[in-house]
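> Just to be clear, the model below is a prediction. Sequence and coordinates:
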Amino acid sequence: MQPFRLAMLLGVLMLALASVGYTSAIDDSESGDLDDLQHRVLRSAQRPQRGGGGRRTTSPRPVRLATEARLGTASSKFGFKLFGTLYPQLTSNVIISPHSVHTALSMVMAGAKRATENEFFTALGLSQSGLRRNQIHQVYQSALNSLSTAPDIIVRNANAIFVKPQTTLKQPFRQALTQRYQAKVENFDLTHPSGPEAPINAWVSEATAGKITDLLAPQTITESTSAIIINALLFNGTWVNRFTPGLTALKPFNSLSEGEKQVQTMTATAFYNYGSRNNFEIIELPFVGGRFSMFIILPNANSTIAAFQQRLTSARGNANPVNDLISNLESRRLRLSLPKFRIESGELDLKESLVSLGLRKAFTPQADLSGISAVRLFISDVKQKAVIDIDENGCEAAAATAVLIARMSAIIAPEPLEVKVDRPFVYLIQDKVNKGTLFLGAYLGQTAQ
């Protein structure tokens, strides 16, 4: 691990579209329901708006923060449900990126129609979000722009669609991806000496600063593969309260499957937002900039991670399952002990989990993705790789801004509360502005990943 990095999180999602084997009667000139909707949304975005003083501007009208929060809440709820279906019984350290999955599937939804679009809208949690269908992609554009401009932190979100040369994308779909999701559109390089997967892996490697280099195995792209949609998410943040490297030492951790073992554990004494409720302790570790935080959810001796999962997935309506956990935390002086860890997910196959969440037609030849291309398409695979790297240090480039916000030295500090994260816990990286969950996982203490 590079010594200058505090927290590096990466999520890459690959979604492959396969052809059914024949061409539908729909061509680029035909306008279905979603084509019409996309034309209206895109025309609305491109239409000059009246600004202050009666002057006209070509910029879209800003989407209200509350609207972005609705999207973030839907993404979070979807992520916790996905986490529960992927890991009904946790046996190892895990990491997923709900944001990455939700973004890639939303891009596909831009080309879905009728019953297939309905399934996307419901499975992604959008039907209870209060957002209209003709808002979704515009709100995504605003939310992604907001992420990329977050101060004092690196959040890099990259989208792309790679297409078989013989597959022609419909213009409204291409515009939705390039304008709303800032997606790159490229053809498969079928003549590349290392195979068509190599240029795609090179793009992923660049988007993730070289941390994920082999998303696609050789021969992933077959004759039936018409397109691959990819979202790559890179997060690099610096703790507000850095851990002291000299205090990092081997300390006991009660691993779920291996019993008590010694793990590298970091220590810091500082003020943190903290709460203890419903058989869980919650600790907020803020990143410099104030927008993003890691939340540690530590079940007490009378509870389990499974109980926490049940609590999150049972949230009703558009309630954000994280909000009641992280709201009303109190600033407390803690002596915090936290394992130093790195988790790589390997290749996660999300297809079965997504089907169980209601996304059924999209994975069958009965899928209606006719807004994407005249070629009949369905989703063949949805795979993700993710990495989380947590240590005590901050980024060197951000060291000047990584200033500890401390109480005045003239005030006698209270005796710190001892909080030992020495048993399995859940962690999540939360956007406190847009209410979205970028990364979600669990640390059980296993040595091997």
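Nice, I can see it. None of these values were measured; they are calculated from a predicted model.
> Can you classify the residue nearest to residue 255 when sequence neighbours are not counted by secondary structure?
Spatial nearest neighbour of residue 255, chain neighbours left out: residue 445 (3.4 Å); criterion: CB to CB, 6 or more residues apart in numbering. To be clear about C-beta, it is placed using only N, CA and C from the backbone, and glycine gets the same treatment. The assignment at residue 445 comes out as coil when based on DSSP: H, G, I helix; E, B strand; the rest coil.
> Tell me the first helix or strand C-terminal of the longest helix seen in the chain.
If you go by DSSP state H, the chain has its longest helix at helix 65-86. Toward the C-terminus, helix 65-86 is succeeded by strand 94-96 as the next helix or strand (DSSP states H and E).
> Show me what that following strand is in contact with.
For strand 94-96, the surrounding residues in contact (CB atoms under 8 Å, 6 or more residues apart in numbering) are 9, 11, 79, 82-83, 86-87, 343-345, 348, 384, 386-388, 439-442.
> Turn the buried ones among those residues into a named PyMOL selection, would you?
Burial among those is assessed by 16 or more other CB atoms under 10 Å; the matching PyMOL selection reads:
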select buried, resi 9+11+79+82+83+86+87+343+345+348+384+386+387+388+439+440+441+442
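> if you look at the contacts of strand 94-96, which of them are in helices?
Going by DSSP H, the helices hold 79, 82-83, 86 from those.
> quick check, nearest of the residues you listed to residue 187?
Closest to residue 187 out of the ones in helices among the contacts of strand 94-96 is residue 82 (30.8 Å), distances taken as CB to CB.
> what sits against that closest one?
96, 98, 101, 350, 353-354, 357.
> List the ones among those that fall in strands.
Using DSSP state E, the subset of the contacts of residue 82 located in strands is residue 96.
> where does the residue nearest to residue 255 sit relative to residue 261, distance-wise?
Separation of residue 445 from residue 261 (CB to CB, to the nearest Å): 6 Å.
> and what of residue 130?
Residue 130 is 47 Å from residue 261, by CB to CB.
> pLDDT weak spots in the stretch 201-350 of the chain?
313-321 (pLDDT under 70).
> all helices for it, in order.
305-313, 323-326 (DSSP state H, counting those that start in this stretch).
> same for the longest one, what does it pack against?
In other words, helix 305-313. With contacts taken as 3 or more CB pairs under 8 Å, 6 or more residues apart in numbering; DSSP states H and E, helix 305-313 sits against helix 65-86, strand 292-299, strand 425-431.
> again, only using 7 Å
Helices and strands touching helix 305-313, by 3 or more CB pairs under 7 Å, 6 or more residues apart in numbering; DSSP states H and E, are helix 65-86, strand 292-299.
> what's the closest of these to residue 156?
The closest of the helices and strands packed on helix 305-313 to residue 156 is strand 292-299. By CB to CB, the value is 13.4 Å.
> Taking helix 305-313 as reference, get the angle to the closest one.
130 degrees (axes from the mean of the first three to the mean of the last three CA atoms, to 10 degrees).
> Partner strands of strand 292-299, with direction?
strand 280-286 (antiparallel), strand 425-431 (antiparallel) (DSSP bridges).
> In the record's domain split, what are the boundaries for this structure?
Annotated domains of the chain cover 7-47+63-74+96-237+345-388, 245-342+390-443 [automatic domain parsing].
> Please report the number of neighbouring residues for residue 186.
For residue 186, the count of nearby residues is 13 (other CB atoms under 10 Å).
> Oops, could you answer that again for residue 259 instead?
Residue 259: 10 surrounding residues under other CB under 10 Å.
> roughly how far apart are it and residue 424?
For residue 259, the distance to residue 424 equals 12 Å [CB to CB].
> what do those two both touch?
The contact sets of residue 259 and residue 424 do not overlap (CB atoms under 7 Å, 6 or more residues apart in numbering).
> tally of neighbours for residue 356?
Neighbour count for residue 356, taken as other CB under 10 Å: 15.
> export the longest helix of the chain as PDB, just CAs?
Output of helix 65-86 as PDB, limited to C-alpha atoms (Å, rounded to 0.1, in the frame of the first residue of the first chain):
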ATOM      1  CA  LEU A  65     -30.500  19.600  -3.500                       C
ATOM      2  CA  ALA A  66     -33.500  18.000  -2.000                       C
ATOM      3  CA  THR A  67     -34.100  16.300  -5.400                       C
ATOM      4  CA  GLU A  68     -30.600  14.900  -5.400                       C
ATOM      5  CA  ALA A  69     -31.100  13.600  -1.900                       C
ATOM      6  CA  ARG A  70     -34.200  11.700  -3.100                       C
ATOM      7  CA  LEU A  71     -32.000   9.900  -5.700                       C
ATOM      8  CA  GLY A  72     -29.300   9.300  -3.100                       C
ATOM      9  CA  THR A  73     -31.800   7.800  -0.700                       C
ATOM     10  CA  ALA A  74     -33.100   5.500  -3.400                       C
ATOM     11  CA  SER A  75     -29.500   4.400  -4.200                       C
ATOM     12  CA  SER A  76     -28.800   3.800  -0.600                       C
ATOM     13  CA  LYS A  77     -31.900   1.700   0.000                       C
ATOM     14  CA  PHE A  78     -31.100  -0.300  -3.200                       C
ATOM     15  CA  GLY A  79     -27.600  -0.800  -2.000                       C
ATOM     16  CA  PHE A  80     -28.500  -2.200   1.400                       C
ATOM     17  CA  LYS A  81     -31.000  -4.600  -0.200                       C
ATOM     18  CA  LEU A  82     -28.400  -5.700  -2.700                       C
ATOM     19  CA  PHE A  83     -25.900  -6.200   0.200                       C
ATOM     20  CA  GLY A  84     -28.400  -8.400   2.000                       C
ATOM     21  CA  THR A  85     -29.000 -10.600  -1.000                       C
ATOM     22  CA  LEU A  86     -25.300 -11.000  -1.800                       C
END
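> thinking residue 168 is in contact with residue 373, fair?
Yes - counting by CB atoms under 7 Å, residue 373 is a contact partner of residue 168 at 6.1 Å.
> And the contacts of the longest strand along the chain?
Criterion DSSP E: the longest strand present in the chain is strand 259-277. Where contact means CB under 7 Å, 6+ apart, the residues beyond strand 259-277 that reach it are 241, 243-244, 247-255, 282-285, 328-340, 392, 416, 445.
> Paired strands for that strand, with orientation please.
For strand 259-277, pairing defined by DSSP bridges yields strand 249-255 (antiparallel), strand 280-286 (antiparallel), strand 330-339 (antiparallel).
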